[in-house]
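A.B. asks: Test case, fold it:
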Amino acid sequence: MSDDTNDLRREPSDILAELRALRERDAPTHGGRVLSYVYDPGLAELDELAADAARLVQPVNGLDPTTFTSVAALESRVVGFARDALGGNGDVVGSVTSGGTESCLLAVKTARDAWVAAGGAGQPRLVAPVTVHAAFHKAAHYLGLVLDLVPVDEATGRPRVDEFARRLGADVPLVVVSAPSYPFATLDPIAEVAALAADAGVAVHVDACIGGFALAFWPDPLPPWDLRVPGVTSLSADLHKYGYAPKGVSVLLMRGRDRQRRQYFATTRWPGYPVVNPTMTGSKPAGPLAAAWAIIEALGVEGFRRLTARAAHATGALVAAVGRIEGLRVVGDPVGPLLAVASDERMPPGRRVDPHHWADAATAAGWRLQLQPGLRQADGDPLPRTAHLTVTPVTDAVLDELVPALVRAADEVRGIPPVDGAAVLAALTTGDGGPAGGALSGDVGELSADTAAGLLRVFGLLDGDAGSAGGALPARLAPVLALMETLPPEIAERLLVELLARVVEPG
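C.D. replies: From the prediction side, this is the model:
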């Protein structure tokens with residue numbers, strides 16, 4: 001009999017030590033210093049519970065809940081909790097997905113298929129505000145819909161209801177509204193849009209991926225936004241955000257069993273086992289599902305309310321603090337535990353604070369804010385460049401450090417003009433038909449991987465040939481965002497694809 005340990009090339013302890021070393025280079029996922037991507041409840045015991053629950057189902061394949069019946073039991077419990085929290089009744093059913101993007105894709109796929117079954121022909125339109133999450137851009141691209149974007153107000157981020165009314169028609173399978181929007185934390189006019197859409201026979205999806213499990217327990221009264229609103233057909237909410245579960249687990253809820261069944265894919269037209277998938281994936285891990293269920297069981301409704309109250313308090317404190325910083329303004333009236341901060345254009349230029357410089361200064365001091373580019377809408381109205389802050393319960397415990405750090409960061413950069421992307425581009429590229437200028441003036445479809453990498457090197461975003469040798473972003477991101485604002489979207493997107501692809505290539 002062979003010694004099983006001889007089958008191992010490396011000692012497990014050495015492997016884990018290397019992984020720990022790699023993790024030390026990451027942004028910290030606990031402690032409240034990263035105000036994007038991570039959702040820290042400040043309860044270490046929830047981390048341990050989630051890890052233990054995931055470990056128990058590590059070998060389980062969520063593909064087949066008839067073989068692994070624990071998957072069916074856990075999903076039923078999680079969907080039931082979500083349905084109760086998000087205003088659903090007995091007519092609402094749902095699925096657990098791998099994340100918000102999959103939930104959004106499935107909502108669009110279901111609406112498109114229902115529209116086709118009802119006689120829809122031609123290329124359908126997906127109507128949504130400019131602030132709708134990029135997942136719906138992906139859904140339209142993957143599923144063959146035209147994305148018809150409704151402009152939003154520059155000051156508030158709110159779309160006008162009459163713009164939705166003007167766009168409704170027989171070629172629209174779905175309207176999407178956000179609760180709240182990711183860029184500006186605006187609660188879209190959900191009840192008003194849903195009423196118009198219901199009259200036109202158009203389905204409505206509420207994208208509550210980021211805020212749903214916070215708004216469900218928000219301590220202040222809110223306008224109607226969830227499945228209690230007549231005309232809302234489906235709703236997505238991520239448990240790996242304010243459900244405090246590990247990535248990735250989301251819930252897609254849908255009104256009506258017959259409609260929800262169109263979400264599924266099934267085939268018996270091959271010689272293997274019958275395939276029935278409620279989501280995009282076949283095989284899928286049960287770990288995130290089990291972790292989400294365990295956290296729901298541990299917290300209960302009252303636990304979620306307490307954590308949400310902490311996040312709400314911290315959000316209010318940050319909104320007030322930014323309001324006292326000369327040269328900055330909070331965009332609109334944020335709803336939920338997030339906010340966007342822009343330069344206060346009412347101030348003279350010498351007293352303004354560029355949000356990208358501000359975010360870079362805060363990052364240098366150990367606090368990560370997320371930079372968001374400015375955008376010119378199709379109607380010509382511009383949306384401001386902003387810094388985005390996602391607030392979690394643990395933020396409440398670090399306000400005494402965070403607020404002074406944000407004030408100091410603003411003081412450091414007040415009066416410094418925003419980075420001029422056109423000037424940066426002109427300085428980095430040649431005007432005589434050289435390699436960089438020539439690439440930017442050409443067809444993006446002809447931009448090869450090597451040419452794109454060459455441009456990234458010109459811009460200072462790629463140092464090595466591939467893999468971990470290159471692709472590290474510079475310490476200051478304001479110039480990078482300014483370039484992204486200035487370049488044609490097709491070029492910017494192609495360069496970003498190349499950057500991310502190079503980062504993960506083998507060295």
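
A.B. asks: So, low pLDDT: which residues of the protein?
C.D. replies: Scanning the chain with the threshold set as pLDDT under 70 gives 1-5, 429-445, 464-473.

A.B. asks: can you tell me which helix in it is longest?
C.D. replies: What stands out as the longest helix in the chain, according to DSSP state H, is helix 287-323.

A.B. asks: Domain-wise, how is the chain divided?
C.D. replies: With domains defined by automatic domain parsing, the chain comprises 53-295, 301-413, 421-504.

A.B. asks: just checking, what packs against the longest helix of the chain?
C.D. replies: Applying 3 or more C-beta pairs under 8 Å, 6 or more residues apart in numbering; DSSP states H and E, we find helix 287-323 packed against helix 44-56, helix 69-85, helix 212-215, strand 328-330, strand 338-343, helix 399-413. (Glycine included, C-beta is placed from N, CA and C.)

A.B. asks: Just name the most buried of the ones you listed.
C.D. replies: The highest mean neighbour count among these, using mean count of other C-beta atoms under 10 Å, belongs to helix 212-215: a mean of 27.

A.B. asks: Name the surrounding residues that touch that one.
C.D. replies: Contacts to helix 212-215, defined as C-beta atoms under 8 Å, 6 or more residues apart in numbering, come from residues 82, 85-86, 179-180, 208, 222, 225-226, 235-239, 241-243, 304, 308, 311-312, 335-337.

A.B. asks: make it 7 Å
C.D. replies: For helix 212-215, the external contacting residues (C-beta atoms under 7 Å, 6 or more residues apart in numbering) are 85-86, 179, 208, 222, 225, 237, 239, 241-243, 308, 311, 336-337.

A.B. asks: farthest pair in the residues you listed?
C.D. replies: By the measure C-beta to C-beta, 222 and 239 form the most distant pair in the contacts of helix 212-215, at 20.1 Å.

A.B. asks: neighbour-wise, which of those two wins?
C.D. replies: Taking neighbours as other C-beta atoms under 10 Å, residue 222 and residue 239 compare with residue 239 leading, 31 against 14.

A.B. asks: which residues in the stretch 51-200 of the chain form strands?
C.D. replies: Using DSSP state E, counting those that start in this stretch, the strands assigned to the stretch 51-200 of the chain run over residues 92-97, 125-129, 146-150, 174-178.

A.B. asks: can you pull out the strands in the stretch 351-500 of the chain?
C.D. replies: In the stretch 351-500 of the chain, the strands defined using DSSP E, counting those that start in this stretch lie at 370-372, 375-376, 382-383, 386-390.

A.B. asks: just those: most buried one?
C.D. replies: When these are scored by mean count of other C-beta under 10 Å, the highest mean neighbour count falls to strand 386-390 (a mean of 26).

A.B. asks: can you give me how far that strand is from the chain middle?
C.D. replies: Strand 386-390 sits 12 Å away from the centroid of its parent chain (C-alpha atoms, centre = their mean, to the nearest Å).

A.B. asks: could you check the angle helix 287-323 makes with it?
C.D. replies: Going by axes from the mean of the first three to the mean of the last three C-alpha atoms, to 10 degrees, strand 386-390 is angled at 130 degrees with respect to helix 287-323.

A.B. asks: packing partners for strand 386-390?
C.D. replies: strand 338-343, helix 355-364, strand 370-372 (3 or more C-beta pairs under 7 Å, 6 or more residues apart in numbering; DSSP states H and E).

A.B. asks: That strand vs helix 355-364, what angle?
C.D. replies: Strand 386-390 runs at 40 degrees relative to helix 355-364, counting by the same axes, to 10 degrees.

A.B. asks: Dump strand 386-390 to CSV, keeping only the CA atoms.
C.D. replies: Provided in CSV are the C-alpha atoms of strand 386-390 (Å, rounded to 0.1, in the frame of the first residue of the first chain):
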residue,chain,number,x,y,z
THR,A,386,-17.4,61.2,-8.9
ALA,A,387,-15.9,59.2,-6.1
HIS,A,388,-18.1,56.3,-4.9
LEU,A,389,-18.3,55.2,-1.2
THR,A,390,-20.0,51.9,-0.3
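
A.B. asks: Each with direction, which strands does it pair with?
C.D. replies: The strands that strand 386-390 pairs with in its sheet are strand 338-343 (antiparallel), strand 370-372 (antiparallel) (by DSSP bridges).

A.B. asks: Just put these in a markdown table and tack on distance to residue 196.
C.D. replies: Written out in a markdown table, the entries for those read as follows (distance: least, C-beta to C-beta, whole Å):
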| stretch | distance to residue 196 |
| --- | --- |
| strand 338-343 | 27 |
| strand 370-372 | 29 |
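
A.B. asks: who wins for proximity to residue 390 among these?
C.D. replies: Closest approach to residue 390 among the strands paired with strand 386-390 (C-beta to C-beta): strand 338-343, 5.0 Å.

A.B. asks: For that closest one, which outside residues touch it?
C.D. replies: Against strand 338-343 from outside (C-beta under 7 Å, 6+ apart): 183-185, 210, 315, 318-319, 322, 327-331, 352-355, 372, 384, 386-391.

A.B. asks: TSV please, covering the helices and strands packed on strand 386-390 and showing distance to residue 280.
C.D. replies: As requested, these are arranged in TSV below (distance: least, C-beta to C-beta, whole Å):
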stretch	distance to residue 280
strand 338-343	27
helix 355-364	34
strand 370-372	27
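
A.B. asks: if we can go back for a sec, Throw the strands of the stretch 51-200 of the chain into TSV and include distance to residue 62 and mean neighbour count, thanks.
C.D. replies: Converted to TSV, the strands of the stretch 51-200 of the chain look like this (distance: least, C-beta to C-beta, whole Å; neighbours: other C-beta atoms under 10 Å):
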stretch	distance to residue 62	mean neighbour count
strand 92-97	8	24
strand 125-129	28	25
strand 146-150	31	19
strand 174-178	27	29
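
A.B. asks: Nearest to residue 53, out of these?
C.D. replies: strand 92-97 (14.1 Å).

A.B. asks: Taking helix 287-323 as reference, get the angle to the closest one.
C.D. replies: 100 degrees.

A.B. asks: which strands and helices sit next to strand 92-97?
C.D. replies: Counting contacts by 3+ C-beta pairs under 7 Å, 6+ apart, strand 92-97 packs against helix 69-85, strand 250-255.
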